[in-house]
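In: Okay, predicted coordinates and the sequence, questions at the end:
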Amino acid sequence: MKLRLSLLWLAGIDLRLTLLALPPVLPAIHRDLHLNEAGVAALSNLPVLTLAGSSIFGSLLVARLGTRRAMIVALWIIALSSSLRGIGPSIVVLFAMTFLMGLGIALLQPVFPTLSREWFSNRVALATAVWSNGLLAGEALGASLTLPLVLPLVGGSWEKSFGVWGISVALVAVIVMLFAGRGDGHADRATANWFPNFRDERLWEVGILQAAASLTYFGANTFIPDYLHANHQAQFVGPALAALNLGQLPASFAFGLIPIRILSHWITCTVMALLLAVALAIFLVYGGWLGVAAVVFIGFWGAYTLILSFALPPLVAAAGDVASMSAGAFTIGYSVAFVMSLLSGAIWDLSHISATAFIPVVLAVIILIVIGPRLGAAAHVAEKAHRGR
C-alpha cells in the first residue's frame, strides 16, 4: 500500500511540475526570443487550453492500454517534450513542445482517478489526497526552485532548465515501470467507455464543481497582482501569492485524515462556501496583511473543492467509466474556468471596477452551495456500497 501511495504521489508531482517551471523563466524567454506580451500570454495559457481539449484522449489511452501503461506513456511524453522546449532556441519548437507537454499532462490526468479506484477501492479519498498533494507539491517545486536552484546548476540557461525538469519526470517514469507491477485492469478495460457521456447529469455536476475550484485558484492567481497594483497595494503581491499557494497544502492533508462523508456533507459544503465569501470580502474591503491572511483560506478552499471533485468519479462512476467521467469533468472544468476568466477580465476593462475581476469566485460560492451537497450525498452512498463489498 505504501509503495503504491508513493508512486501516486511521485507521478502526481508531474501533473504540474514542468508547467510551473515556465513562469520563473518567462522574462528570459521574452528577452531572448523577442516575444511580445500577446506571445507571452499565449505561451502561458497554451497548456491550459490543451488540458481542456485533450483530457478525453487520456480516457482513450486508459481504455486501450490500461492504467499502468497509460501512465508510463504520458510521463514519457511530458519528460521528452518538456526537455525539448529549449532546443534551438526556437519560437516554433518552444510552442510545439509546450503544446505536446500539455497533451501529455492531459493524457496523464484521467489515470489518477482510475488508479485510485483500482488500487484503493476502499480508500479512494486517501489515494486522491495523496496524488493531489503531489500535484500541489509539483506546483510549489516548479515555481520556487527554478530560479534559486535549477538555473544556477545550468549556468543560467532557461533552455537547459527545461531539460533538468524533463529528466526528473523521466526518472519517475522509470520508477513506475520498475515498481508499479504488471496489473493493468484488464477486466475493466474490456468494458471501458472511453468517451464521456455528456448527457449524464452527474458528469456535469462534477465538472462544474471542478470549474468552481479552478475559477477560484486560477482567477486569484491571475487577478490578485493587478488588483493590488490598481489599489496601490503592490507591496502585498508577493505575500498574497505565497499565501494563496501555501494555503492549498493543508486541504490535501484534510482529505487524508477526515472521512469523505464529513468533507462532502451538505453542512461542510455550506460552511466552506460561506467562509469563502467572507474571506473574499475581507480581501476586497480591508486588504493589507489582513487581506493576505484571507487569501490563505481562498487557497485552502480552492484545493478543498478541487480534491473533492477529483475524489468523486472513482466513487460515483460505474466500473470502467472512471476515466471517461474524470476526462469529461476535466474538459468541462478547465473550459468553464478559462472562459469565465476571460469574461471577468473583460468586465473589469469595461466597468473600470477592479473588484469585478473576482466575480468568478462569487460564482464558485454559489456552485458549492448548490452542487456540493448533491454530489456529497451520492459519494456517501457510493462509499458505503464500496465498503460493503
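Out: That came in fine, so what should we check first?

In: Quick one: mean pLDDT for stretch 96-107?
Out: Averaging the model's pLDDT scores along stretch 96-107 yields 94.

In: and that stretch, which residues are buried?
Out: Met97, Thr98, Phe99, Leu100, Met101, Gly102, Leu103, Gly104, Ile105, Ala106, Leu107 (16 or more other CB atoms under 10 Å). In short, each C-beta sits where N, CA and C put it, glycine included.

In: What's the separation between the first one and Ala21?
Out: Remark: distance between Met97 and Ala21 (CB to CB, to the nearest Å) = 13 Å.

In: Need the overlap of contacts for these two.
Out: Taking CB atoms under 8 Å, 6 or more residues apart in numbering as the criterion, Met97 and Ala21 both touch Ser82.

In: ok, back up a step: in JSON lines: the buried residues of stretch 96-107, plus distance to Gly328 and secondary structure.
Out: What follows is the buried residues of stretch 96-107, written out as JSON lines (distance: CB to CB, whole Å; DSSP: H, G, I helix; E, B strand; the rest coil):
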{"residue": "Met97", "distance to Gly328": "27", "secondary structure": "helix"}
{"residue": "Thr98", "distance to Gly328": "24", "secondary structure": "helix"}
{"residue": "Phe99", "distance to Gly328": "22", "secondary structure": "helix"}
{"residue": "Leu100", "distance to Gly328": "23", "secondary structure": "helix"}
{"residue": "Met101", "distance to Gly328": "22", "secondary structure": "helix"}
{"residue": "Gly102", "distance to Gly328": "18", "secondary structure": "helix"}
{"residue": "Leu103", "distance to Gly328": "17", "secondary structure": "helix"}
{"residue": "Gly104", "distance to Gly328": "19", "secondary structure": "helix"}
{"residue": "Ile105", "distance to Gly328": "17", "secondary structure": "helix"}
{"residue": "Ala106", "distance to Gly328": "13", "secondary structure": "helix"}
{"residue": "Leu107", "distance to Gly328": "15", "secondary structure": "helix"}
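
In: And the residues you listed, which is closest to Ala251?
Out: Distance to Ala251 across the buried residues of stretch 96-107 (CB to CB) is lowest for Ile105, with 20.9 Å.

In: Just name the closest of the buried residues of stretch 96-107 to Ser335, please.
Out: The nearest member of the buried residues of stretch 96-107 to Ser335, counting by CB to CB, is Ala106 at 12.4 Å.

In: could you point out which element follows the helix or strand where Phe330 lies?
Out: Counting by DSSP states H and E, the secondary-structure element that holds Phe330 is helix 322-351. Remark: after helix 322-351, the chain's next helix or strand is helix 359-387, criterion DSSP H and E.

In: Give me the below-cutoff pLDDT ranges for the stretch 251-389 of the chain.
Out: Counting by pLDDT under 70, the ranges of the stretch 251-389 of the chain that qualify are 382-389.

In: just the stretch 1-150 of the chain next, same as before
Out: The stretch 1-150 of the chain contains residues with pLDDT under 70 at 37-38, 41.

In: got the domain boundaries for the protein?
Out: 2-186, 201-387 (automatic domain parsing).

In: Out of those, the one nearest Asn193 is which?
Out: Taking CB to CB, domain 201-387 is the member of the domains of the chain nearest to Asn193, at 5.2 Å.

In: can you give me how far that closest one is from the chain middle?
Out: Distance, stretch centre to chain centre, for domain 201-387: 11 Å (CA atoms, centre = their mean, to the nearest Å).

In: quick revisit: could you dump the domains of the chain to TSV with distance to Phe195?
Out: Supplementary listing: those in TSV, determined by distance: least, CB to CB, whole Å:
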stretch	distance to Phe195
domain 2-186	7
domain 201-387	6
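
In: With respect to Trp194, which of those domains lies nearest?
Out: Of the domains of the chain, the one closest to Trp194 (CB to CB) turns out to be domain 2-186, at 3.8 Å.

In: gap between that closest one and the chain center?
Out: Using CA atoms, centre = their mean, the distance from the centre of domain 2-186 to the centre of the chain it belongs to is 11 Å.

In: Quick check: closest non-adjacent residue to Pro24.
Out: Spatial nearest neighbour of Pro24, excluding adjacent residues (CB to CB, 6 or more residues apart in numbering): Thr146 at 4.1 Å.

In: Burial check on the one you found, number of neighbours?
Out: By other CB atoms under 10 Å, the residues close to Thr146 number 21.

In: and what of Ala70?
Out: Other residues near Ala70 number 26, with proximity taken as other CB under 10 Å.

In: And the one 4 residues further on, by the same measure?
Out: For Ala74, the number of neighbouring residues by other CB under 10 Å comes to 28.

In: tell me the contacts of it?
Out: Applying CB under 8 Å, 6+ apart to Ala74 gives the contacts Gly58, Leu61, Gly104, Ile105, Leu107, Leu108, Val111.

In: Nearest residue to the third one in space, please, no chain neighbours.
Out: Nearest non-adjacent residue to Gly104, counting by CB to CB, 6+ apart: Ile77, 3.4 Å away.

In: My read is that that neighbour contacts Leu100, right?
Out: Yes - using CB atoms under 8 Å as the test, Ile77 is close enough to Leu100 to be in contact (6.6 Å).

In: hmm, back to that, how about CSV for the buried residues of stretch 96-107, with distance to His265 added?
Out: Output for these, formatted as CSV (distance: CB to CB, whole Å):
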residue, distance to His265
Met97, 44
Thr98, 41
Phe99, 41
Leu100, 42
Met101, 38
Gly102, 36
Leu103, 37
Gly104, 36
Ile105, 32
Ala106, 32
Leu107, 34
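
In: Sort out which one of those lies nearest Thr356 for me.
Out: Looking across those and measuring by CB to CB, the closest to Thr356 is Gly102, at 29.2 Å.

In: Find the nearest non-adjacent residue to the closest one, please.
Out: Nearest residue to Gly102 in three dimensions, chain neighbours excluded: Thr50, at 3.1 Å (CB to CB, 6+ apart).
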